[in-house]
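Structure for the following, please:
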Amino acid sequence: MTKEKNLSGFDDKWANQHKFLRQSIIEDKKKEWRKITDRSEDVEKIIAAGRINNNEVIEYKNDFIGSLAKSFDVYGKLTNRQCSAVLRDIESQKALLFFAKISPNSQWVGKVGRVVSVKLTCNYIIAISGSFGDRFLHICADDQRNIVIYRGFSFAFPSKGETANVTAKVKEHEIRYGVKQTIITRPKVFV
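All right, here's what the predicted structure looks like:
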């Protein structure tokens, strides 16, 4: 019996030491990740929303941000793609919140599935890295300040600050931050 107590005491001591060492290794990985990752503070602020603190026990939300927070806590870092996804989300939120302020009365343009011709001014471009190369999220407004979004890659599509006449198919209508947005696809640009 005494032998078992000593062994179990040894196991508890080893388990606590192992836990401490593991946590120390993870903290070192986090420091290294912070050094080599651009805007690591912004990424950490966003993923902090994925944690739920319940009496000193950390749980994670069952969503994308929660899974990123758990990965960061378990492995001490995020991959470049995970960071890109978070940063892209930050940029698109900033842009869309900006438009929500200046275009609160934005209306949908055209009907879903139909082709529409509209004069657009591109106000924001957000790069999206993917498996098949880069795509871009163009956040535009027409003359009536209706928000039009194009996700894709087109050399002819207007760059930031440029205006062009665009004919495109209306892919969908959506509401974000209380503002109506029209998503277009297959644009043809006329200067």
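
Can you give me the domain assignment for the protein?
Using automatic domain parsing, the domain parsing of the chain gives 2-78, 105-190.

tell me the average confidence for the longest one?
Regarding domain 105-190, the rounded mean pLDDT is 88.

ends of it, how far apart?
27 Å (Cα to Cα, to the nearest Å).

returning to what we had before: among the domains of the chain, which is the most enclosed?
Ranked by mean neighbour count, the domains of the chain are led by domain 105-190 with a mean of 16 (mean count of other Cβ atoms under 10 Å). For the C-beta atoms, the positions are set from N, CA and C on the backbone; glycine is no exception.

hmm, back to that, could you dump the domains of the chain to a markdown table with distance to residue 91?
Output for these, formatted as a markdown table (distance: least, Cβ to Cβ, whole Å):
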| stretch | distance to residue 91 |
| --- | --- |
| domain 2-78 | 10 |
| domain 105-190 | 5 |
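
So for residue 89, which of these sits nearest?
Among the domains of the chain, the nearest to residue 89 by Cβ to Cβ is domain 2-78 (7.2 Å).

After the strand ranked longest in the chain, which helix or strand is next? Please name it.
Using DSSP state E to define each element, the chain has its longest strand at strand 115-130. As assigned by DSSP states H and E, the chain's next helix or strand after strand 115-130 is strand 133-141.

circling back: so for residue 87, which of the domains of the chain sits nearest?
Closest to residue 87 of those, according to Cβ to Cβ: domain 2-78, at 6.1 Å.

how far is the closest one from where the chain is centred?
Mean C-alpha position of domain 2-78 versus that of the full chain (Cα atoms, centre = their mean, to the nearest Å) differs by 22 Å.

Tell me how far stretch 74-94 lies from the chain's centre.
With Cα atoms, centre = their mean, you get 6 Å for stretch 74-94.

what does the average pLDDT come to for that stretch?
Mean pLDDT, stretch 74-94: 83.

Likewise for stretch 30-43?
Stretch 30-43 comes out at a mean pLDDT of 86.

Excluding its own residues, what touches that stretch? List them.
Stretch 30-43 is contacted from outside by 72, 76, 77, 78, 83, 86, 87, 90, using Cβ atoms under 8 Å, 6 or more residues apart in numbering.

repeat for stretch 68-77
Residues contacting stretch 68-77 (Cβ under 8 Å, 6+ apart): 25-30, 32-33, 44, 47-51, 58, 60-61, 78, 82, 86.

re earlier: right, so of the domains of the chain, which gets closest to residue 99?
Proximity to residue 99, assessed across the domains of the chain by Cβ to Cβ, is greatest for domain 105-190 (5.2 Å).

Tell me which helix or strand comes right after the longest helix seen in the chain.
When the chain is parsed with DSSP state H, its longest helix is helix 2-36. Counting by DSSP H and E, the next helix or strand C-terminal to helix 2-36 is helix 40-48.

Model confidence for residue 1, exactly?
Model confidence at residue 1 (pLDDT) stands at 41.
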